[in-house]
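Enquirer: what follows is a protein structure lacking sequence information:
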């Protein structure tokens with residue numbers, strides 16, 4: 001290996017740091033790594049689902065670069081204010097230097113760098129007692145490795161809720177009431193309470209509905225220990241919950257028709273926001289008998305499965321519109337973190353709606369797929385659907401387990 005070439009690059013690197021010309025440095029042909037200059041060199045290791053940042057003193061950082069260059073990384077580029085310098089190792093492992101016109105000519109061009117920006121997190125991990133109690137962080141406030149995706153999901157949910165509060169007009173209210181249907185271990189329930197009360201400075205009350213008594217007891221004990229006085233958890237199934245007036249109704253990953261029960265309870269309670277992440281689309285799937293146009297297209301089981309999810313959630317959105325809500329359907333988080341990543345949002349609207357047109361759309365979709373009924377229809381329009389025969393079908397075949 002030509003030591004002189006590498007030493008020349010290292011001298012240029014050291015000089016750029018000393019003269020405060022250093023911008024960043026990237027290593028390639030392995031994984032992308034970026035550095036930034038301050039009192040220390042900050043190494044950002046970027047992986048598929050996470051980033052790890054390690055800080056080193058200048059001398060330590062340069063020594064680490066020496067170790068990595070030419071062994072694990074075969075391409076390295078220095079960005080400075082005066083020039084870019086590329087160190088490239090060929091197949092023969094001989095290094096070559098290339099001097100390039102500077103990409104950045106002004107420090108302002110690089111502020112804020114992607115690696116310099118702190119990702120905006122609505123829920124912070126440091127000094128957060130409930131996150132530690134829920135097992136998301138350790139006693140030092142560091143995120144537990146196996147809970148990194150969960151922490152990311154929590155912040156994404158809160159980010160979405162913040163935006164929806166603005167668009168729904170709830171931001172003007174001093175008190176906001178929330179019901180979380182199927183709250184589970186309460187990850188999001190605690191985060192919403194924290195966000196509304198301690199970040200938005202609202203007088204918010206939050207109720208979590210959960211069927212498993214040990215989770216209800218656990219969450220209530222955590223809420224009491226961190227002094228979240230207006231956060232309470234109650235045992236019960238969504239279908240049996242006595243809907244009270246609430247501003248926001250949430251149901252994340254409620255199984256099959258439990259999502260429809262949550263929609264119905266949200267409509268009953270006149271919620272300004274209904275936020276859903278559906279799961280386990282069984283009820284409509286069992287009914288689908290596509291007509292001849294679609295029969296060959298959906299002969300593969302996986303395609304029929306995916307289509308049943310689309311039909312189920314599409315009809316839910318239309319039924320929400322029929323009930324006076326503007327709807328949004330979108331991916332709320334990358335599929336690599338969870339496959340159940342579709343979110344349906346209903347925002348209460350005072351605009352007039354063409355009910356006849358929406359009902360016609362629903363009927364056409366049901367006819368196309370051979371569907372007799374969507375469970376949410378039976379809740380919204382019981383007089384039209386709950387004949388003795390249909391009630392028997394609902395109770396014995398289609399609804400399934402609605403406990404969360």
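Expert: Received, thanks. Source: prediction; values computed, not measured. Numbers count the residues shown, from 1 in each chain.
Enquirer: and the strands in the protein?
Expert: Along the chain, the segments classed as strands by DSSP state E run 22-28, 33-37, 40-46, 51-57, 75-80, 84-89, 95-100, 177-181, 205-210, 231-235, 248-255, 273-279, 325-331, 342-348.
Enquirer: can I get those in JSON lines including distance to residue 358, mean pLDDT and mean neighbour count?
Expert: (Glycine included, C-beta is placed from N, CA and C.) Listed next are these as JSON lines, based on distance: least, Cβ to Cβ, whole Å; pLDDT from 0 to 100; neighbours: other Cβ atoms under 10 Å:
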{"stretch": "strand 22-28", "distance to residue 358": "53", "mean pLDDT": "69", "mean neighbour count": "20"}
{"stretch": "strand 33-37", "distance to residue 358": "50", "mean pLDDT": "41", "mean neighbour count": "20"}
{"stretch": "strand 40-46", "distance to residue 358": "46", "mean pLDDT": "67", "mean neighbour count": "17"}
{"stretch": "strand 51-57", "distance to residue 358": "45", "mean pLDDT": "69", "mean neighbour count": "12"}
{"stretch": "strand 75-80", "distance to residue 358": "56", "mean pLDDT": "80", "mean neighbour count": "20"}
{"stretch": "strand 84-89", "distance to residue 358": "58", "mean pLDDT": "82", "mean neighbour count": "19"}
{"stretch": "strand 95-100", "distance to residue 358": "60", "mean pLDDT": "83", "mean neighbour count": "13"}
{"stretch": "strand 177-181", "distance to residue 358": "24", "mean pLDDT": "96", "mean neighbour count": "25"}
{"stretch": "strand 205-210", "distance to residue 358": "29", "mean pLDDT": "96", "mean neighbour count": "24"}
{"stretch": "strand 231-235", "distance to residue 358": "34", "mean pLDDT": "96", "mean neighbour count": "19"}
{"stretch": "strand 248-255", "distance to residue 358": "21", "mean pLDDT": "92", "mean neighbour count": "24"}
{"stretch": "strand 273-279", "distance to residue 358": "17", "mean pLDDT": "94", "mean neighbour count": "25"}
{"stretch": "strand 325-331", "distance to residue 358": "11", "mean pLDDT": "92", "mean neighbour count": "15"}
{"stretch": "strand 342-348", "distance to residue 358": "14", "mean pLDDT": "94", "mean neighbour count": "22"}
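Enquirer: out of those, nearest to residue 142?
Expert: Nearest to residue 142, of all these, is strand 51-57, at 11.6 Å by Cβ to Cβ.
Enquirer: could you find the closest non-adjacent residue to residue 265?
Expert: By the measure of Cβ to Cβ, 6 or more residues apart in numbering, the closest residue to residue 265 outside its immediate chain neighbours is residue 243, 4.4 Å from it.
Enquirer: how about the one you found, what does it touch?
Expert: Residues in contact with residue 243, defined by Cβ atoms under 8 Å, 6 or more residues apart in numbering, are 265, 266, 268, 269.
Enquirer: same list, the strands of the chain, but as TSV with distance to residue 150 please.
Expert: As requested, those are exported to TSV (distance: least, Cβ to Cβ, whole Å):
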stretch	distance to residue 150
strand 22-28	31
strand 33-37	26
strand 40-46	20
strand 51-57	16
strand 75-80	35
strand 84-89	40
strand 95-100	43
strand 177-181	16
strand 205-210	17
strand 231-235	19
strand 248-255	12
strand 273-279	14
strand 325-331	18
strand 342-348	17
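Enquirer: to residue 157, which of those lies closest?
Expert: Of all the strands of the chain, strand 248-255 sits nearest to residue 157, with 7.6 Å by Cβ to Cβ.
Enquirer: what angle sits between the closest one and strand 205-210?
Expert: 20 degrees (axes from the mean of the first three to the mean of the last three Cα atoms, to 10 degrees).
Enquirer: check which helices and strands strand 248-255 is in contact with.
Expert: Identification of packing neighbours for strand 248-255 by 3 or more Cβ pairs under 8 Å, 6 or more residues apart in numbering; DSSP states H and E yields strand 177-181, helix 187-194, helix 258-268, strand 273-279.
Enquirer: give me the sheet partners of the shortest one and which way each runs.
Expert: Same thing as strand 177-181. If you go by DSSP bridges, strand 177-181 pairs up with strand 205-210 (parallel), strand 248-255 (parallel).
Enquirer: hmm, who's touching the first one?
Expert: Among residues not part of strand 205-210, those counted as contacts by Cβ under 8 Å, 6+ apart are 175-184, 186, 189, 192-193, 196, 216, 219, 230-236, 238, 241, 246, 404.
Enquirer: pLDDT weak spots in the stretch 51-200 of the chain?
Expert: Residues of the stretch 51-200 of the chain that meet the criterion pLDDT under 70 lie in 51-53, 104-120.
Enquirer: hmm, try it at 50
Expert: Under the criterion pLDDT under 50, the flagged ranges of the stretch 51-200 of the chain are 108-118.
Enquirer: same check, this time on the stretch 201-350 of the chain
Expert: The model of the stretch 201-350 of the chain has pLDDT under 50 over residues 337.
Enquirer: excluding its backbone neighbours, what's nearest residue 251?
Expert: Residue nearest to residue 251 in three dimensions, not counting chain neighbours: residue 262, with 3.3 Å by Cβ to Cβ, 6+ apart.
Enquirer: tell me the spacing between the one you found and residue 323.
Expert: Residue 262 sits 13 Å away from residue 323, taking Cβ to Cβ, to the nearest Å as the criterion.
Enquirer: same deal with residue 229?
Expert: Here the criterion is Cβ to Cβ. By it, residue 229 lies 33 Å from residue 323.
Enquirer: settle it for me: which of those two has more neighbours?
Expert: Of the pair residue 229 and residue 323, residue 323 is the one with more neighbours under other Cβ atoms under 10 Å, namely 20 against 11.
Enquirer: thinking again about what came up before, nearest to residue 86, out of the strands paired with strand 177-181?
Expert: Of all the strands paired with strand 177-181, it is strand 248-255 that lies closest to residue 86, at 47.7 Å by Cβ to Cβ.
Enquirer: what inclination does the closest one have with respect to helix 258-268?
Expert: 170 degrees.
Enquirer: can you give me how far strand 248-255 is from the chain middle?
Expert: The chain centre lies 14 Å from the centre of strand 248-255; the measure is Cα atoms, centre = their mean, to the nearest Å.
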